[in-house]
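Undergrad: Model the structure of this input:
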Amino acid sequence: CIKPPRTGCLCLRCCGRREPRPRTVWLGHPEKRDQRYPRNVINNQKYNFFTFLPGVLFNQFKYFFNLYFLLLACSQFVVEMRLGALYTYWVPLGFVLAVTVIREATEEIRCYMRDKEVNSQIYSKLTARGTVVGVVLYTGRELRSVMNTSNPRSKIGLFDLEVNCLTKILFGALVVVSLVMVALQHFAGRWYLQIIRFLLLFSNIIPISLRVNLDMGKIVYSWVIRRDSKIPGTVVRSSTIPEQLGRISYVLTDKTGTLTQNEMVFKRLHLGTVAYGLDSMDEVQSHIFSIYTQQSQDPPALKGVTLATKVRKTMSSRVHEAVKAIALCHNVTPVYESNGVTDQAEAERHYEDSCRVYQASSPDEVALVQWTESVGLTLVGRDQSSVQLRTPGGQILNFTILQIFPFTYESKRMGIIVRDESTGEITFYMKGADVVMAGIVQYNDWLEEECGNMAREGLRVLVVAKKSLTEEQYQDFEARYVQAKLSVHDRSLKVATVIESLEMEMELLCLTGVEDQLQTDVRPTLETLRNAGIKVWMLTGDKLETATCTAKNAHLVTRTQDIHIFRLVTNRGEAHLELNAFRRKHDCALVISGDSLEVCLKYYEYEFMELACQCPAVVCCRCAPTQKAQIVRLLQERTGKLTCAVGDGGNDVSMIQEADCGVGVEGKEGKQASLAADFSITQFKHLGRLLMVHGRNSYKRSAALSQFVIHRSLCISTMQAVFSSVFYFASVPLYQGFLIIGYSTIYTMFPVFSLVLDKDVKSEVAMLYPELYKDLLKGRPLSYKTFLIWVLISIYQGSIIMYGALLLFESEFVHIVAISFTSLILTELLMVALTIQTWHWLMIVAELLSLSCYIASLVFLHEFIDVYFIATLSFLWKVTVITLVSCLPLYVLKYLRRRFSPPSYSKLTS
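TA: Take a look at the predicted model:
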């Protein structure tokens, strides 16, 4: 319980997002709480109620594509420019925007509900245990973890930018065609109005249906990912960038909780002359048992004990001191809960083992205490002033906590001073990282070597030491410590100085080694990524030795690869020399610390990134959250390649948000990374399938879909150009009213959109041969080459259909419309069939449904088509001939290409 003083205040400087300002927290004076602070809630939403609609519309109309159609629709309010009914322009644009707004609203609502659920869980945890007493100094956006992250942003995929670029090229073609048409009229009359009319007439060159098809395709891809039973629990939080998953060149991953399970297992106890592993823990248990059961039972006849017995007792004593230190020096609290048989109060009173749960700020701490329990010395009770241990014989040992010095990232150690109630002995225990403990313990010749050996095995190493204090020594320390804590100026420095006066010539007891086990199938997943041409960088806050060992253990660094450990540099000269040394290495993995990385990026950013990008793997240790985000940003800027960041904790959020594609792993560190990510997975191994199968399919399907929609629009635009050329370059539309809308909707929409179900290989093949993913990194499915091929196909087919209809029609103009439009519909349906690589039953349904809709609607299109003419044999053979001439050569070319130059995937499916 905190007793607030009558007067006085606690002043702390906190770094807010805008500017640092002092904060005064009044204890016991609610009337003085005149300043409001940020709410302590998680918020991952991109918009609020007022910014949603403006924000979504802005993000849509910043695309040239959508802005063009807005201007096009607005132009129809001018009578001189109107070419048809207003609904032919505004209905498609409205539909596109409606789909986008609904999709964004759905994602925002889901995000709000997830945030609300997590915030409710946090509140429940606080209130479940009764009254909570405490002082909250930092809340909401002023938390350190939040200040290390950026605001959620709307990510725009590279694929969408490429499509936007293609629409600009199409707009250029539109302007050129319009100018040519007016030039062929010799710029007669009001030629500037004619240019605008031709721009509107050929506006189909840029298909408005492209955006809505792609957006609906993204929704389908997201649904397929969520429904994949082989990656259960996967959540798509951003449905705008699934194609990004198919073009990742760099994966940047956290270590703890992402590559590893964040489940600590005690693996090694090292006493200098002897070490105990998992296979010899029974010896430790035997030593502990002998100390507590035999030391008081030795008969007088055993005074002349042998040397072996003395050695045995000495070793038991050393083991006991080490285990007792580990059992006392920590921040773990045993909590008792009802198990259905024993209630909480009774379990706490009798220290019931089955009801006890250990709670601590770090899983390392829990692993250490669980290990001491397994060897016989059990932590059964703890409060602010005492600790209770239970011996193998059931005896309760009581210790009074005199002082405790918590672990901090700056000190890298923690300490505790306890008094044994049975003997009155006062002991100062301390544990910490070897880099700081080496200067605190008494001289020895094994600490540095054994710490390095254990770290190379992938173990997290802690050094444990003790110092016995007399009552006078402790009273002297306490007086100086209290005096330092009451200082007004330089309080932290004075307190640290007093504590350091105790931290000298401490007795080295032992080293502990805790292992964070790898997640399931991490090794094959990293191998899959490597074979797919993806480079993996590991960014972690762990020490260099542990990070290096984990990289080897996970096969991030293969056995045949050399490792270059970038030595610690502090200035420009040292960085220059080390970079030159690194430059001489070839095909070796790089391991660098956060401090050295900061120096290199300050003076030699370009040179360092150039060398690092050539490495098959990079490990950055002691890496701060802001550094992780900086590395992602530099990779994007220097290479122009797509990055994917994978993490599980709050310190990974900034990296996840900065990356082109952020993947959060739901782990023991909470859901902060998962909620802030674009995609959420439950295990790291799911990343392989997410990229190799879903990423690859999403990108290839969208590429095929976008090019086919462009082809569909270019065909009808080519026909319009031919028609206008034949009829003296008149700006008169070939198809009017419903025909022009029906062409891109009910007549061809379903077969074209069914391309989102197409796939070139089965998912098992894509996982077995990750080399197939490499082709996507070059952007071949959607490139200027493939775009040009589809443009040429469109011009060929549009010309054949239009010229064929003009040559074969007999007398009525309406017959041209009937022949050409029917041939156009059939050509599109056949071209979809030509494009499909793996048939799905829904594709067949879509083809038949579209054809049926067109045939059924002919009855109602008498205004545009001669119903009696389409029932004649003359109509049927003319349409058949035109359709065959437009499609048959392409089928032949496709067969010849597959026969003599088959794509890589066809060899695997044959």
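Undergrad: So residue 416 belongs to a strand, correct?
TA: Yes: if the criterion is DSSP: H, G, I helix; E, B strand; the rest coil, then residue 416 is within a strand.
Undergrad: what sits opposite it in the beta ladder?
TA: With DSSP bridges as the criterion, residue 416 is bridged to residue 404, residue 429.
Undergrad: Around residue 364, how many other residues sit close by?
TA: 17 (other Cβ atoms under 10 Å). Quick note: C-beta positions are derived from backbone N, CA and C, even for glycine.
Undergrad: distance of it from residue 408?
TA: Using Cβ to Cβ, to the nearest Å, residue 364 is found at 15 Å from residue 408.
Undergrad: For the protein, name the helix or strand with the lowest mean pLDDT.
TA: Least confident helix or strand, the chain: strand 10-14 with a mean of 35, by mean pLDDT, DSSP states H and E.
Undergrad: Which stretches in the stretch 551-700 of the chain count as helices?
TA: Ranges of helices in the stretch 551-700 of the chain, per DSSP state H, counting those that start in this stretch, are 572-583, 594-603, 605-613, 625-639, 653-658, 672-676, 686-689, 696-726.
Undergrad: who wins for proximity to residue 442 among these?
TA: Within those, the stretch nearest residue 442 is helix 594-603; the backing value is 28.9 Å (Cβ to Cβ).
Undergrad: tell me the mean pLDDT for that closest one?
TA: Mean pLDDT, helix 594-603: 91.
Undergrad: That one packs against which elements?
TA: For helix 594-603, the elements it packs on are helix 572-583, helix 605-613, strand 617-621, helix 625-639, judged by 3 or more Cβ pairs under 8 Å, 6 or more residues apart in numbering; DSSP states H and E.
Undergrad: contacts for the helix or strand where residue 217 lies?
TA: Following DSSP states H and E, one finds residue 217 within helix 209-227. Residues outside helix 209-227 that contact it (Cβ atoms under 8 Å, 6 or more residues apart in numbering) are 63, 65-66, 92, 95-96, 99-100, 103, 160, 163, 167, 231, 234-236, 239-240, 242-243, 679, 690, 694, 697-698, 701-702, 705-706, 709-710, 712-713, 744-745, 749, 752-753, 756-757.
Undergrad: Please put the alpha-carbon coordinates of it into CSV.
TA: Extracted C-alpha coordinates of helix 209-227, given in CSV (Å, rounded to 0.1, in the frame of the first residue of the first chain):
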residue,chain,number,x,y,z
SER,A,209,-13.8,-2.2,-63.9
LEU,A,210,-10.1,-2.8,-63.4
ARG,A,211,-10.1,-1.3,-59.9
VAL,A,212,-13.2,-3.0,-58.7
ASN,A,213,-12.1,-6.4,-60.1
LEU,A,214,-8.7,-6.1,-58.3
ASP,A,215,-10.3,-5.0,-55.1
MET,A,216,-12.8,-7.8,-55.1
GLY,A,217,-9.9,-10.2,-56.0
LYS,A,218,-8.0,-9.1,-52.9
ILE,A,219,-11.1,-9.9,-50.8
VAL,A,220,-11.2,-13.4,-52.3
TYR,A,221,-7.4,-13.9,-51.6
SER,A,222,-7.9,-12.8,-48.0
TRP,A,223,-10.8,-15.2,-47.6
VAL,A,224,-8.8,-18.1,-49.1
ILE,A,225,-5.9,-17.4,-46.7
ARG,A,226,-8.2,-17.4,-43.7
ARG,A,227,-9.8,-20.6,-44.8
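Undergrad: Give me the buried positions along it.
TA: For helix 209-227, a neighbour-count test (16 or more other Cβ atoms under 10 Å) marks 209-222, 224-225 as buried.
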